[in-house]
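**Q** Provide a 3D model corresponding to the input given below.
(one chain, ligands or ions: 1)
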Amino acid sequence: MKLNETRALVTGGGRGMGKAFVQSFKDAGAAVFTCDVNPVEGGTIADVSNEEDVVRLFAEAEEALGGPVNCLVNNAGIIRDGLLVKKDKETGEVRAFSTKKWQQVIDVNLTGPFLCMRQFAQRCLETETRPAVAINMSSISRSGNAGQTNYAAAKAGLVADTVLWAKELARYDIRVAAIAPGFIRTPMVESMPPHALERALKPVPMRRLGEPEEIFSAIRFIVECGYFTGRVVEVDGGLRL
Ligand code: NAP
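**A** Below you'll find the model as predicted:
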């Protein structure tokens, strides 16, 4: 599949990597649609963790793209970091990680991609759209990054589902792959306190943040390589957590 043959839907296109991906798809001659929880250019307001929003999103995307989506990028994601438990050195008080933060991240980062993937696959089968490809944004944190109980679980779960969705959908000519970025220059990473960012970059062999365009290179590879499915492309400057 060539990029200029895609009718792409990128979730979370309001800023960060999603915004850059939308532009890169456009530059490559693709038809592209997006969504965000806030108003977004070239797309609609939709919360990927809301079932009704997702059904409407695909209907609007089909209309705007002039046909069913044949390339889904499950990009929307959030972080709500914190330690599982933390003991205050002075007071001895033990604070536990909030269930609300756990659920928020699971909802957006795992339930969201599930709902979008299900709708994507359903529409592909109903409209006999083939070939088709879905790309799930996982993370280097999936291997168990301290302070990310919720995020690591969601991103690891997303890789497990990538493997099984690839197995289930190959017979319909639908490929499913994941990308696991390291630290990429986006508002999500730039919102980290400078000392935390500096500490995070120290063990990165490339000694710098990755650029969204470098992650798009992985998207291009996945779209174009018809034999790539059920696997993760790691784009992390050589970092191992
Ligand atoms: P970002 O700058 O925070 O952008 C995420 C986008 O998703 C925002 O536009 C956000 O909207 C939107 N969004 C949030 N919740 C949503 C929802 N429920 N429904 C629809 N859209 C929603 O993030 P990013 O850094 O570009 O990350 C993109 C993806 O890559 C995420 O899945 C992230 O986990 C993953 N990732 C990022 C890095 C990194 O270093 N940046 C590394 C590994 C993996 P608003 O801003 O309007 O709230």
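**Q** and E93, what are its phi and psi?
**A** phi -70, psi 140 (degrees, to the nearest 10).
**Q** just checking, what packs against the lengthiest strand in the chain?
**A** Across the chain, the longest stretch assigned as strand under DSSP state E is strand 174-181. Judged by 3 or more Cβ pairs under 8 Å, 6 or more residues apart in numbering; DSSP states H and E, strand 174-181 is in contact with helix 112-127, strand 132-137, helix 149-169, helix 212-224, strand 232-235. Backbone N, C-alpha and C define where each C-beta goes, glycine included.
**Q** Restricting to C-alpha, output the longest one in CSV.
**A** So that's helix 149-169. Extracted in CSV, the C-alpha atoms of helix 149-169 (Å, rounded to 0.1, in the frame of the first residue of the first chain):
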residue,chain,number,x,y,z
THR,A,149,1.5,2.0,36.6
ASN,A,150,-1.5,3.0,34.4
TYR,A,151,0.3,4.1,31.2
ALA,A,152,2.7,1.0,31.1
ALA,A,153,-0.2,-1.4,31.5
ALA,A,154,-2.2,0.4,28.7
LYS,A,155,0.8,0.5,26.3
ALA,A,156,1.8,-3.2,27.0
GLY,A,157,-1.9,-4.3,26.6
LEU,A,158,-2.0,-2.4,23.3
VAL,A,159,1.0,-4.4,22.0
ALA,A,160,-0.6,-7.7,23.1
ASP,A,161,-3.8,-6.7,21.2
THR,A,162,-1.7,-5.7,18.2
VAL,A,163,-0.4,-9.2,18.0
LEU,A,164,-3.7,-10.9,18.3
TRP,A,165,-5.6,-8.5,16.1
ALA,A,166,-3.0,-9.1,13.4
LYS,A,167,-3.6,-12.8,13.7
GLU,A,168,-7.4,-12.5,13.6
LEU,A,169,-7.5,-10.0,10.7
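**Q** Perfect, I'm done here.
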